[in-house]
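Undergrad: Pasted the sequence and its predicted model underneath.
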Amino acid sequence: MNTKSIILAGAIGLGCASLASAATQYVYMSGSTAARNAFYLTIMDGATVFDATPTVVAQGNSDPSKATYHLFHGTIAGADTILKAHWSGSEGGISDIAGSATEAFLDDSAATSSTSPGPFITSTVDLAAADNDVAFSRNPKAAVTGSKVCIIPFIWVKEKGSAAGLVNVTDQSIRQALKGFEVLAQFTANPADTTFVYVTGRDNQSGTRDNQFGDCGFGIFSSPFMVQINPDGSMKDQNPPFGAYVGDYGYSSGGSVATQMGYDLSQGTSVDVANGTGVEKFSVIAYLGRSDANTAEANGATDLTCNGVAYSNAAIQEGQYDLWGNEYVYRKNTSTPQATAVFNKLVASTGVSGHADGTLTIKLTAMHSTRNGPTSDPVHN
């Protein structure tokens, strides 16, 4: 090869290397819907994850911090990077990184919308946010690395138009209601309360569900019997025309539960067709993360005390109100260098923990109690 050819080949090689180094790097994340607000704030602050505030495309909610899908674009350590998130639920996220499952993510051409029109691509997942330790998940032996980053509070609420006397839930009454229904008197101790109380909630991809089912003693992996309600307050028939109203009918996001909590059960169409003659009224309770519970309350739902204890940040921190979970970030042990870099930024003390707002999420350093998982009682420090 002559000198000119060698120089030309070297130039081409350097050009190819430059193009390769300039290629956009992608990181894919799924998991917790209850804690996505803290992750959104962390990613968008322009210093913790990205070198500067990234551009963001959000779909699925008019509030971008509550969106189902995110596409964040900026630079990380000078490298052009797109971080895509699909908030699919904690169990869903752990399952994604435990194997080779794929999730739907926004295509690079997607635009912000309050609905979720896409367009979408599919990809395997690098990182997951979870409201529960992987040891208490459906994939306890997953080859993943994780770190606890904050506390995620949960709360029971009752749907708009539910019985006025329904003000408290207990572990016993919750367990019974999760079996399909429970008479209102079990909640109120009033023998005259003979209508029924039903539960609505999340599907089996949810860490919120894991935490509540473990906390009340129902069993993390036990199958519940829950209902869904239509906007007119009627029970949703899941198998028309055969009238299947009660089953494991969970929602894929807390936002959907919060929306249902605003459907008024005092309407004429709100009659108990699942258990009774079809003329009786009924009540519905649900478990939600604090952020979604705030939305539910704005829609007309009401907070409930649990085992006689009212929700407050102080009651969570002292371990008196025990409906809370440990929030984790996990990565595949085979993550790409850029995904590992994002993971390290999220789990740093200045990461998600540093962005916990004290209400929707609580800093680990603010807690005066700890718990190993959803099946254990809080222990005061």
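TA: Nice, thanks for sending it over.

Undergrad: now the strands for the stretch 201-350 of the chain?
TA: For the stretch 201-350 of the chain, the strands defined by DSSP state E, counting those that start in this stretch occupy 282-289, 302-303, 305-306, 324-332.

Undergrad: Dihedrals phi and psi, residue 134?
TA: Per-residue torsions, residue 134: phi -60, psi -30 (degrees, to the nearest 10).

Undergrad: Next, the contact list for it, please.
TA: Residues near residue 134 by CB atoms under 8 Å, 6 or more residues apart in numbering: 94, 140, 142, 144, 146, 328, 330. (Each C-beta comes from the backbone N, C-alpha and C, glycine too.)

Undergrad: Residue 276 too?
TA: 195-196, 282.

Undergrad: with the residues you listed in mind, which one is nearest to residue 228?
TA: residue 282 (13.1 Å; CB to CB).

Undergrad: Quick check: that closest one touching residue 270?
TA: Yes - Residue 282 is within contact range of residue 270, at 7.2 Å (criterion: CB atoms under 8 Å).

Undergrad: So for the two, which residue has more residues nearby?
TA: Taking neighbours as other CB atoms under 10 Å, residue 282 and residue 270 compare with residue 282 leading, 26 against 23.

Undergrad: where does the more buried one land on pLDDT?
TA: Note on residue 282: pLDDT of 97.

Undergrad: Next: the one 4 residues further on.
TA: Residue 286 is assigned a pLDDT of 98 by the prediction.

Undergrad: for the one 5 residues further on, same thing?
TA: Confidence per residue is given as pLDDT, and for residue 291 that number is 91.

Undergrad: residue contacts, it?
TA: Going by CB under 8 Å, 6+ apart, residue 291 touches 34, 37, 66, 254, 360.

Undergrad: Most neighbours among those, please name it.
TA: residue 34 (32 neighbours).

Undergrad: Leaving out sequence neighbours, find the closest residue to it.
TA: residue 289 (3.1 Å; CB to CB, 6 or more residues apart in numbering).

Undergrad: Please render the strands of the stretch 201-350 of the chain as JSON lines that adds distance to residue 155 to the earlier fields.
TA: JSON lines is the format used below for those (distance: least, CB to CB, whole Å):
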{"stretch": "strand 282-289", "distance to residue 155": "6"}
{"stretch": "strand 302-303", "distance to residue 155": "6"}
{"stretch": "strand 305-306", "distance to residue 155": "8"}
{"stretch": "strand 324-332", "distance to residue 155": "9"}
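
Undergrad: between the ones you listed, which one is nearest to residue 243?
TA: For the strands of the stretch 201-350 of the chain, the distance to residue 243 is smallest for strand 282-289, at 15.3 Å, taking CB to CB.

Undergrad: Could you check the angle the closest one makes with strand 324-332?
TA: Using axes from the mean of the first three to the mean of the last three CA atoms, to 10 degrees, the direction of strand 282-289 lies 50 degrees away from that of strand 324-332.

Undergrad: Strand 282-289: partners in the sheet, and parallel or antiparallel?
TA: Applying DSSP bridges, strand 282-289 is found paired with strand 144-158 (antiparallel), strand 196-200 (parallel).

Undergrad: Compute the number of surrounding residues for the nearest residue to residue 378 once chain neighbours are set aside.
TA: Closest residue to residue 378 apart from its sequence neighbours, by CB to CB, 6+ apart: residue 319 at 3.3 Å. Residue 319: 18 surrounding residues under other CB under 10 Å.

Undergrad: ok, residue 319 - contacts?
TA: Contacts of residue 319 (CB under 8 Å, 6+ apart): 368-369, 371, 378-380.

Undergrad: what about 7 Å?
TA: Counting by CB atoms under 7 Å, 6 or more residues apart in numbering, residue 319 makes contact with 369, 378, 380.

Undergrad: so where's this structure shaky on pLDDT?
TA: Within the chain, the stretches with pLDDT under 70 are 1-22.

Undergrad: where along it do the helices fall?
TA: Under the criterion DSSP state H, helices of the chain are mapped to 3-22, 36-44, 90-98, 171-178, 185-188, 207-216, 254-260, 290-298, 313-317, 337-347.

Undergrad: What residues sit buried inside the shortest one?
TA: Along helix 185-188, these residues count as buried under the neighbour rule (16 or more other CB atoms under 10 Å): 185-188.
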